[in-house]
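>>> Below are the sequence and a predicted model; questions follow.
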Amino acid sequence: MTTDYDTYTTAGALVGGALGGLMIFFVVMMIIAIVLGILHIIGVWKILSKANKPGWGALIPVYNQYLLCKIVGVSPWWILILCLSPIIVLIPIIGTLANVAVAIYFTILLNVSLARSFGKEDGFAVGLILLAPIFYLILGLGDHKYLGEKPMNDVVFNKINQANHNKSTENTESATNTSKDTNIQYCTSCGSKIDGYTRFCPNCGKEVE
């Protein structure tokens with residue numbers, strides 16, 4: 001005959017076993033995460049060293065992303081944008097989508113640029129994104145040489161830079177035209193327009209005073 005005590009004991013054993021199994025699962029997952037983190041750091045360290053950047057920078061969050069941006073030619077301003085983008089999550093729906101879009105775009109931009117800077121095809125960037133610890137380690141410990149900055153086309157900052165360049169060009173042309181206008185004079189005798197560098201009026205021949 002089964003008593004209440006036996007029932008409680010069996011239930012307690014099942015709960016204890018479940019909690020024990022869950023704890024073991026979390027411990028195993030934590031160990032795996034630590035190992036993958038160490039592998040990722042080693043990979044980034046070797047990659048930075050190949051590009052003549054301080055390898056120890058791989059140990060410092062944010063700074064390691066800054067160094068990677070510098071060696072592949074991606075604007076470091078993206079890191080600041082990525083750090084500030086969670087603020088826009090306060091905007092319902094659109095904010096969350098924009099935040100996710102920024103993170104995805106920067107991840108693709110950085111890793112495609114990194115693959116190209118070490119002579120790898122864009123397909124290798126898929127591995128850098130999905131299996132970062134393994135592929136960063138492959139890139140760092142392998143015989144892949146750093147070829148210099150080979151950034152992916154950054155449609156955002158390229159448009160900003162192009163707009164600034166156009167504005168600068170317009171300002172230069174405006175200043176040049178203004179300078180030319182100040183050199184224009186008028187003949188005191190016939191009123192004809194003459195270049196400020198001309199000594200004689202081309203219309204009446206009078207010497208410019």
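Received it, and whenever you're ready, just let me know what you need.
>>> Output the below-cut-off pLDDT ranges for the chain.
The chain contains residues with pLDDT under 70 at 1-18, 89, 159-209.
>>> Which stretches in it count as helices?
Using DSSP state H, the helices found in the chain span residues 4-50, 63-72, 77-84, 94-117, 122-130, 132-141, 155-182.
>>> possible to save those as a markdown table with mean neighbour count and distance to Gly148?
Backbone N, C-alpha and C define where each C-beta goes, glycine included. As requested, these are exported to a markdown table (neighbours: other CB atoms under 10 Å; distance: least, CB to CB, whole Å):
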| stretch | mean neighbour count | distance to Gly148 |
| --- | --- | --- |
| helix 4-50 | 13 | 11 |
| helix 63-72 | 20 | 9 |
| helix 77-84 | 15 | 20 |
| helix 94-117 | 18 | 7 |
| helix 122-130 | 16 | 17 |
| helix 132-141 | 20 | 15 |
| helix 155-182 | 10 | 19 |
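>>> Serialize those helices to TSV and add fields for distance to Trp56.
Converted to TSV, the helices of the chain look like this (distance: least, CB to CB, whole Å):
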stretch	distance to Trp56
helix 4-50	7
helix 63-72	10
helix 77-84	18
helix 94-117	19
helix 122-130	21
helix 132-141	14
helix 155-182	28
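>>> Between these, which one is closest to Leu147.
Closest to Leu147 of the helices of the chain, according to CB to CB: helix 94-117, at 5.9 Å.
>>> Now do the closest one against helix 77-84: the angle between them, please.
Interaxial angle, helix 94-117 versus helix 77-84 (axes from the mean of the first three to the mean of the last three CA atoms, to 10 degrees): 150 degrees.
>>> Kindly export stretch 79-95 (C-alpha atoms) in CSV.
In CSV, the C-alpha atoms belonging to stretch 79-95 read as follows (Å, rounded to 0.1, in the frame of the first residue of the first chain):
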residue,chain,number,x,y,z
ILE,A,79,30.5,51.2,-33.1
LEU,A,80,29.1,54.4,-31.6
ILE,A,81,25.9,54.0,-33.6
LEU,A,82,25.6,50.4,-32.5
CYS,A,83,26.1,51.3,-28.8
LEU,A,84,23.5,54.1,-29.0
SER,A,85,21.0,52.2,-31.1
PRO,A,86,19.3,50.5,-28.1
ILE,A,87,17.9,54.0,-27.3
ILE,A,88,15.6,53.9,-30.3
VAL,A,89,14.0,50.7,-29.0
LEU,A,90,11.9,53.1,-26.9
ILE,A,91,10.0,53.8,-30.2
PRO,A,92,7.3,51.2,-30.5
ILE,A,93,7.9,48.5,-33.2
ILE,A,94,9.9,50.8,-35.5
GLY,A,95,12.6,51.3,-32.9
